[in-house]
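K.L.:
okay, structure incoming, though there's no sequence with it:
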């Protein structure tokens, strides 16, 4: 397939974009998650990073996972909460979240509204790792973390 | 100076952010521009890209320039217009703009409001080039472009 260059301008239509497909977050059954969509806004051979938009429906959550690559995140829709390492934070419009290497992390739409966020990652990156029983036991030592990942 | 890790969460306060300095767009006199500020939201040794926020005050504009590295842009505040190559586009909230290698480009706050946009670039990138007289003559062949770059 010939590479096609992105249009100069791709208009926003609510929280979808011209020429951007709304994708499943992950393959069903590949990892635990609930009610999340993914859109790849920028992926370009000239760009060393990919810029994505994820949207979590009310009550939904991303996968609890970790990896060596970092996430740079900005919320652009709604409110919710995130776990990064052993920190739990309420998050809202335009807040910035940094997920450092190997920090367990998860995003939840804890309010009665969708939570949408931009997420920047390196184009070349490692695959996420899921927590094993020992990891979960360790995470649950912290009551705030235990409360966050319960569900 | 020891490297300090970014806080996990940095709250938005209007269009400024906790622990993010509002900087001059460029050194005064280095290149033509008018009423632009720059904030570096994410710059991390683990990240191959930098994520910045630029804000152009009403009537202001960025430098007309080009370079080999690409820009991935999302508007998050106000409306305005951009030039990319020989295309002029009105732009508004959440619109995406791709600036390919060596395309002349400029952003203008053409409406009576600030124009704020996120801009992603590779951490390693070349320096911008300003148009010389021959470049400007060539750009002005297109009446829409001539009208856009006229100040």
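P.N.:
Everything's here; your move. The model shown is predicted, which means the values in this text are computed figures rather than measured ones.

K.L.:
what's the spacing between the helix or strand hosting residue A:54 and its chain's center?
P.N.:
For residue A:54, the element it lies in under DSSP states H and E is strand A:49-61. On the basis of Cα atoms, centre = their mean, to the nearest Å, strand A:49-61 sits 5 Å off its chain's mean C-alpha point.

K.L.:
name the residues of it that are buried.
P.N.:
For strand A:49-61, burial by neighbour count (16 or more other Cβ atoms under 10 Å in any protein chain shown) applies to A:49, A:50, A:51, A:52, A:53, A:54, A:55, A:56, A:60, A:61. (C-beta placed from N, C-alpha, C; glycine too.)

K.L.:
find the nearest non-adjacent residue to the first one, please.
P.N.:
Pointing back at residue A:49 there. residue B:49 (3.6 Å; Cβ to Cβ, 6 or more residues apart in numbering or on different chains).

K.L.:
so what's the one you found bridging to?
P.N.:
Per DSSP bridges, residues listed as beta-bridge partners of residue B:49: residue B:122.

K.L.:
what's the pLDDT at it?
P.N.:
Looking at residue B:49, its pLDDT stands at 98.

K.L.:
return the member of the buried residues of strand A:49-61 nearest to residue B:94.
P.N.:
If you rank the buried residues of strand A:49-61 by distance to residue B:94 using Cβ to Cβ, residue A:53 comes first, at 9.3 Å.

K.L.:
tell me the confidence at the closest one?
P.N.:
98.

K.L.:
ok, and the closest non-adjacent residue to it?
P.N.:
residue A:39 is the one closest to residue A:53 (Cβ to Cβ, 6+ apart), at 4.5 Å.

K.L.:
what's the answer for residue A:5, then?
P.N.:
residue B:100 is the one closest to residue A:5 (Cβ to Cβ, 6+ apart), at 6.5 Å.

K.L.:
just give me the neighbour total for the residue nearest to residue A:53.
P.N.:
18 (other Cβ atoms under 10 Å in any protein chain shown).

K.L.:
redo the buried residues of strand A:49-61 as a markdown table? Include distance to residue B:104.
P.N.:
Below are those laid out as a markdown table (distance: Cβ to Cβ, whole Å):
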| residue | distance to residue B:104 |
| --- | --- |
| A:49 | 24 |
| A:50 | 26 |
| A:51 | 23 |
| A:52 | 28 |
| A:53 | 28 |
| A:54 | 33 |
| A:55 | 35 |
| A:56 | 39 |
| A:60 | 43 |
| A:61 | 44 |
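
K.L.:
sorry, back to before: contact partners for the residue nearest to residue A:49?
P.N.:
Going by Cβ atoms under 8 Å, 6 or more residues apart in numbering or on different chains, residue B:49 touches A:47, A:48, A:49, A:120, A:122, B:120, B:121, B:122, B:123.

K.L.:
I'd say the fifth one and residue B:48 touch.
P.N.:
This points to residue A:122. Yes - counting by Cβ atoms under 8 Å, residue A:122 touches residue B:48, with 4.7 Å between them.

K.L.:
pull the contacting residues for residue A:102.
P.N.:
A:66, A:67, A:68.

K.L.:
oh sorry, the question was meant for residue A:140
P.N.:
By Cβ under 8 Å, 6+ apart, the residues touching residue A:140 are A:146, A:149.

K.L.:
can you give me the distance of the residue nearest the centre of chain A to chain B?
P.N.:
The centroid of chain A falls nearest to residue A:54 when counting by Cα atoms, centre = their mean (5.7 Å). From residue A:54 over to chain B the distance is 14 Å, taken as Cβ to the nearest Cβ, to the nearest Å.

K.L.:
wait, isn't that residue in contact with residue A:114?
P.N.:
No - taking contacts as Cβ under 8 Å, residue A:54 lies outside contact range of residue A:114: 10.3 Å.

K.L.:
just to revisit the earlier point, common neighbours of residue A:122 and residue B:48, please.
P.N.:
Common neighbours of residue A:122 and residue B:48 (Cβ under 8 Å, 6+ apart) are A:48, A:49.

K.L.:
just the strands in chain A please.
P.N.:
A:9-10, A:12-13, A:16-17, A:23-24, A:34-42, A:49-61, A:71-77, A:80-84, A:87-91, A:96-99, A:105-108, A:115-122 (DSSP state E).

K.L.:
what pairs with the helix or strand of chain A with the lowest mean pLDDT, parallel or antiparallel?
P.N.:
Least confident helix or strand of chain A, by mean pLDDT, DSSP states H and E, is strand A:23-24 with a mean of 90. If you go by DSSP bridges, strand A:23-24 pairs up with strand A:34-42 (antiparallel).

K.L.:
gap between the two ends of stretch A:84-93?
P.N.:
One end of stretch A:84-93 sits 18 Å from the other (Cα to Cα, to the nearest Å).
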